[in-house]
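*Asks:* with the input below, show me the fold.
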Amino acid sequence: MRAIMVDQYGGPEVLRLAEVGEPEPGPGQVSVEVAYAGINFAELKARSTGYRVPALPFRPGLEVSGVIRAIGPEVPAAYGLRVGQPVAALTLFGGYAEVAVADAARVFPLPAGVSLRTAAALPTVLPTAHALLHEVGRLRAGESVLVQSAAGGVGGVVGQLAKLAGAGRVYGVVSSAAKVDYTRRAGYDEVFIGPDFSTELQKATEGRGVDLALDAVGGRTHQRSLEALTPFGRLVSFGNASDDVPWKTELAGLVPGRSVAGFSLFTLAQTAPATLRELAETSFQRAAYGAIDPLISAEFPLEQAGEAHRLIETRTTTGKLLLAVNPPAPKVH
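*Replies:* Sure, this is the predicted structure:
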């Protein structure tokens, strides 16, 4: 089968298309014939710095959609998985391939009405966005939200979910003016450009600040997001895209009643798979009812994975990018 391999860390050019043996599912695992693979910023960090990579060589790819090819032993019947079933899966590694293997606990049958193309954008983005707002951020109706990287895959879905949850004002921060219109279409009320958003946000909130801030950038942006909170506001960190020094919050920064929390879907998948499954099943229903658009902006064939990574690194992309590995043929009417 065809798969993307990484033999050494580096730029997009280290993504190599190769012919490799087809993986077989072990105990508690399922193999999936991949239709589409989602592309995530964490995969760029894995390729360039070895982020969470156990060893070289490795196959990147956190999430896929497709149909179940084979089911290994010891897969609980309660999961309701069967050969030929359309699913989305959180693979953690190995998704950039024609066949991928995932733990059965991270393989999710698709709700009716969710296409394989849409499904490939869901396993990381939708549970993350749901958890940031509800499980960790504890958003209440009428509260205000500030989102860094608002034009990204998670950011676009967060804007929609926040509005569905009855948020008051939803503010986004993007890296360039070209992303403003897109971000507004994702549900944001006001959009600020660049890291120096503090003054504009204070004007927009009349000095009050925001109730909930979501930060995937880290570094100085983390500190500015903390300072933008109301007295009892909450900040949730879910990444360090800036590669700055990991954040540290002094007690003085939390007075009079602010709080800081962290979230990682990758860690949740490894340490609490049952919790992840519940989270995914709950959040996927949003897509089933058409309430959430994953905002897929581009797709590339498997052999152009490097080009997709290059494009993301230009910081000009919006929404979610996919690899079309073996997409279903269009229906003839």
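*Asks:* how about the strands in the stretch 101-250 of the chain?
*Replies:* 107-109, 145-148, 170-174, 190-193, 210-215, 229-237 (DSSP state E, counting those that start in this stretch).
*Asks:* most packed of those strands?
*Replies:* Ranked by mean neighbour count, these are led by strand 145-148 with a mean of 29 (mean count of other CB atoms under 10 Å). In this view, the C-beta of every residue, glycine as well, is placed from N, C-alpha and C.
*Asks:* list the contacts of that one.
*Replies:* Judged by CB atoms under 8 Å, 6 or more residues apart in numbering, the contacts made with strand 145-148 from elsewhere in the structure are 133, 137, 139, 155, 158-159, 162, 167, 169-173, 188, 201, 210-217, 221, 225, 228.
*Asks:* go again with 7 Å.
*Replies:* Strand 145-148 has contacts (CB atoms under 7 Å, 6 or more residues apart in numbering) with 139, 155, 158-159, 162, 167, 170-173, 201, 210, 212-217, 221, 225, 228.
*Asks:* quick check: mean pLDDT across that strand?
*Replies:* The predicted model gives strand 145-148 an average pLDDT of 98.
*Asks:* can you tell me the strand partners of that strand and which way each runs?
*Replies:* Paired neighbours of strand 145-148 in the sheet (DSSP bridges): strand 170-174 (parallel), strand 210-215 (parallel).
*Asks:* need those in CSV with mean pLDDT, can you?
*Replies:* Listed next are the strands paired with strand 145-148 as CSV, based on pLDDT from 0 to 100:
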stretch, mean pLDDT
strand 170-174, 97
strand 210-215, 98
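*Asks:* quick one: which of the ones you listed is nearest residue 25?
*Replies:* Among the strands paired with strand 145-148, strand 210-215 comes nearest to residue 25, with 35.3 Å by CB to CB.
*Asks:* who is residue 86 paired with across the strands?
*Replies:* Listed by DSSP bridges, the beta-bridge partners for residue 86 are residue 67.
*Asks:* contact partners for the residue nearest the centre of the chain?
*Replies:* Geometric centre of the chain, nearest residue: residue 125, 3.2 Å, by CA atoms, centre = their mean. Contacts of residue 125 were listed using CB under 7 Å, 6+ apart, and they are 153, 154, 157, 294, 320.
*Asks:* return the closest of those residues with respect to residue 79.
*Replies:* Using CB to CB, the contacts of residue 125 come closest to residue 79 at residue 294, 23.4 Å.
*Asks:* from residue 63, how far out is that closest one?
*Replies:* Distance from residue 294 to residue 63, counting by CB to CB, to the nearest Å: 11 Å.
*Asks:* out of these two, which sits in the busier spot?
*Replies:* residue 63 (28 against 24; other CB atoms under 10 Å).
*Asks:* hmm, the more buried one is touching residue 92, no?
*Replies:* No: under the criterion of CB atoms under 7 Å, residue 63 makes no contact with residue 92, lying 8.8 Å away.
*Asks:* which strand is the longest one in this structure?
*Replies:* Ranked by residue count and defined by DSSP state E, the top strand of the chain is strand 29-39.
*Asks:* which secondary structure elements does that one contact?
*Replies:* strand 63-71, strand 99-103, helix 116-119, strand 320-324 (3 or more CB pairs under 7 Å, 6 or more residues apart in numbering; DSSP states H and E).
*Asks:* the first one to strand 99-103, inter-axis angle?
*Replies:* What that stands for is strand 63-71. Counting by axes from the mean of the first three to the mean of the last three CA atoms, to 10 degrees, strand 63-71 lies at 90 degrees to strand 99-103.
*Asks:* angle of strand 63-71 against strand 29-39?
*Replies:* Between strand 63-71 and strand 29-39, the angle comes out at 160 degrees (the same axes, to 10 degrees).
*Asks:* now strand 63-71: how far from the chain's centre is it?
*Replies:* 19 Å (CA atoms, centre = their mean, to the nearest Å).
*Asks:* how about residues contacting it?
*Replies:* 24-25, 30-38, 81-91, 95, 99-100, 116, 119-120, 123-124.
*Asks:* run the last query once more with 6 Å
*Replies:* Strand 63-71 is contacted from outside by 25, 30-38, 83-91, 95, 100, 116, 119-120, 123-124, using CB atoms under 6 Å, 6 or more residues apart in numbering.
*Asks:* with stretch 301-315 instead?
*Replies:* 4, 12, 15, 17, 39, 44, 96, 175, 300, 317, 321, 323-325.
*Asks:* again, but for stretch 157-175
*Replies:* 125, 129, 133, 139, 141-148, 150-151, 183, 186-192, 197, 292, 315.
*Asks:* buried set for it?
*Replies:* Neighbour counts over stretch 157-175 (16 or more other CB atoms under 10 Å) mark 157-163, 165, 167, 169-175 as buried.
*Asks:* end to end, how far does it reach?
*Replies:* Stretch 157-175 has its terminal residues 18 Å apart, counting by CA to CA, to the nearest Å.
*Asks:* now stretch 193-211
*Replies:* Counting by CA to CA, you get 20 Å between the two ends of stretch 193-211.
*Asks:* centre of the chain to that stretch, how far?
*Replies:* Relative to the chain's own centre, stretch 193-211 is displaced by 25 Å; criterion: CA atoms, centre = their mean.
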